[in-house]
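Enquirer: Please work out how this folds:
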Amino acid sequence: MFSPHLRSAFRRAFGHRTPVPQSIRKISCSRAVQNDIIAPEQTTLSRYNVLSPNSSDAGRLITSIQKFGFALGSDMSLRGPLLILNHSVFLWDVPQYGVGSNEPVEGGNGLWDEPSSVFHGWDLEPFKALEIVKPRPEILVIGTGAQAQQLPPFIRSHILGLGIQLEVLNTRYAASTYNVLLQEGRRVSAALLPLIPTSARTGKQLVELLTVKPDQ
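Expert: Next up, the predicted model:
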């Protein structure tokens, strides 16, 4: 049986009786470091929202960008891609450069087939949460890693079709933009890839890049 605060955290982000998108994985809470985080043994939903349900906006601010992940607030550090949606923070299990976890993703039917793109192998699954979340964010800020990259056109069209504005930037600029919009009181969400491709599932580096120089 889920505890009341776990039920309320999930419903606040996704509504009642909603299946969890596959890109939001059952990640062990030991992957997140925070003083008051829900203990990992407290059932399934404790592995989705890794932020305390009572956290303020300050607790959701991105305080630093690390090579393999992010720091939020004053006491949380996460490795891998990050999704911040309706006051909840999730580890976002998505492939990067065609590699997801330990297995390559083949381009083809329904997938973005561009090996040089961080989005290689992507379909609409990573953004399924946007279809079911209530209320939907006004703006989604996407961080593409160390360098700015174009979002696949079919993904851009899908998100805009949901009535959500888009900002697609390298991850450093995306995090700064997200922080500013959050502090302005905007209904903003963020989907951020780390500077170095890293698995949300394992916390391990996925691929070696020839250069990881952020855009100036």
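Enquirer: And residue 185, how far from residue 86?
Expert: Applying C-beta to C-beta, to the nearest Å, the value for residue 185 to residue 86 is 14 Å. Just so you know, the C-beta spots here come from the backbone N, C-alpha and C atoms, and that holds for glycine as well.
Enquirer: which of those two has more neighbours?
Expert: The neighbour count for residue 185 versus residue 86, taken as other C-beta atoms under 10 Å, is higher for residue 86 (18 against 8).
Enquirer: Quick check: that one touching residue 140?
Expert: No: the pair residue 86 / residue 140 is not scored as a contact, 11.7 Å apart, by C-beta atoms under 8 Å.
Enquirer: okay, and the common contacts of the two?
Expert: Jointly contacting residue 86 and residue 140 under the rule C-beta atoms under 8 Å, 6 or more residues apart in numbering are residue 189.
Enquirer: those helices in this protein, which residues are they?
Expert: For the chain, applying DSSP state H gives helices covering 4-14, 57-60, 129-132, 153-161, 171-183.
Enquirer: Residue 97 touches residue 198, doesn't it?
Expert: No: with contact defined as C-beta under 8 Å, residue 97 does not count as touching residue 198 (11.5 Å).
Enquirer: what stretches of the chain score poorly on pLDDT?
Expert: Residue ranges of the chain with pLDDT under 70: 1-59, 101-110, 208-216.
Enquirer: Number of residues surrounding the closest residue to residue 114 other than its chain neighbours?
Expert: Excluding the flanking residues, the one nearest residue 114 by C-beta to C-beta, 6 or more residues apart in numbering is residue 120, at 5.4 Å. Around residue 120 there are 21 other residues, counting by other C-beta under 10 Å.
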